[in-house]
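Colleague: predicted structure and sequence below. I'll ask about it afterward.
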Amino acid sequence: MVDTGSELKVLISRRRIAAVVKRLAEEIRGDYTGLNPLVVGILKGSFVFLADLVRAVNMPLQVDFVKLTSYGDSTQSSGRITVLLDLNCQLAGRHVLVVEDIVDSGLTTAFLCDYLRQKGPASVKLCAFTSKPSRRKVDIRIDYLGLEVPDKFLVGYGLDCAERYRYLPDLCELKEK
Ligand code: IMP
Ligand code: MG
């Protein structure tokens, strides 16, 4: 089925995305070499970015995923977060790198980083592909940030609107017609 009824405008091209991923991967490799980090992706949005990132980092690491409550079909965060799918491994002594597609209000990543810190890891850091700083409701430190983006609703490169558009290779702005 073709996605219709909305207009898509490329905001960040796949070429620019690749350059951003390469830069982040180099930073992460520099900081985590020899530490066998646990890379924790937040489902579902982060799966495309995480897949590109770990291959660009290209050093020993482990991958796991969590699933938290998300936007559902609307474009507004409920602010209430619960863990729908938890990690499958022990965190004691591990260096944890949380990977997120976009930090909006910051509620999701703030919740997850606090939640993970309670499990006794050696460190917890955050890598986000994009951030909308103008939308922030809680103060959150992004240790590895790809790009700041404007307060627009974005789809593609893993990001969805009601489960549509995740497959788009570019990051696009969604404009309802
Ligand atoms: P936060 O808790 O408000 O920071 O929301 C983060 C989550 O909201 C991300 O993991 C995304 O799944 C979703 N989100 C925020 N902004 C967008 C957007 O522009 N497009 C698609 N999803 C978004
Ligand atoms: Mg998400």
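Modeller: Now that the structure is in, tell me what you want to look at. Numbering: from 1, shown residues only. Ligands and ions are numbered 1, 2, ... in the order given.

Colleague: flag every residue of this protein that's near ligand 1.
Modeller: Neighbours of ligand 1 within the chain, by CB under 6 Å from any ligand atom: 42, 45, 70-71, 77, 100-108, 153-155, 159. C-beta: built from backbone N, CA, C; applies to glycine.

Colleague: ok, V40 - contacts?
Modeller: When contacts are counted by CB atoms under 8 Å, 6 or more residues apart in numbering, V40 is found next to V63, D64, F65, V66, L87, V96, L97, V98, V99, L112, L116.

Colleague: so which of the residues of the chain next to ligand 1 sit within strands?
Modeller: If you go by DSSP state E, those have I42, E100, D101, I102, V103, L154, V155 in strands.

Colleague: circling back: list just the nearest of the contacts of V40 to ligand 1.
Modeller: Nearest to ligand 1 among the contacts of V40, counting by CB to the nearest ligand atom, is L112 at 9.3 Å.

Colleague: circling back to that earlier point, of the contacts of V40, select the buried ones using a ChimeraX command.
Modeller: Restricted to buried positions by 16 or more other CB atoms under 10 Å, the ChimeraX selection for the contacts of V40 reads:
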select :65,66,87,96,97,98,99,112,116
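
Colleague: show the model's pLDDT score for the closest residue to G41 other than its chain neighbours.
Modeller: Distances taken as CB to CB, 6 or more residues apart in numbering place L50 nearest to G41, at 4.2 Å, with adjacent residues excluded. Note on L50: pLDDT of 98.

Colleague: so who does L50 touch?
Modeller: V39, G41, V63, V99.

Colleague: wait, is it part of a strand?
Modeller: No. According to DSSP: H, G, I helix; E, B strand; the rest coil, the state of L50 is helix, so it is not within a strand.

Colleague: gap between L145 and ligand 1?
Modeller: 13 Å (CB to the nearest ligand atom, to the nearest Å).

Colleague: show the average pLDDT along the helix or strand where that residue lies.
Modeller: In this structure, L145 is located in strand 144-148 according to DSSP states H and E. Strand 144-148 comes out with an average pLDDT of 98.

Colleague: that one: which residues count as buried?
Modeller: Y144, L145, G146.

Colleague: tally of neighbours for E26?
Modeller: 12 (other CB atoms under 10 Å).

Colleague: please report phi then psi for it.
Modeller: phi -70, psi -40 (degrees, to the nearest 10).

Colleague: roughly how far does it sit from ligand 1?
Modeller: Counting by CB to the nearest ligand atom, the gap from E26 to ligand 1 is 24 Å.
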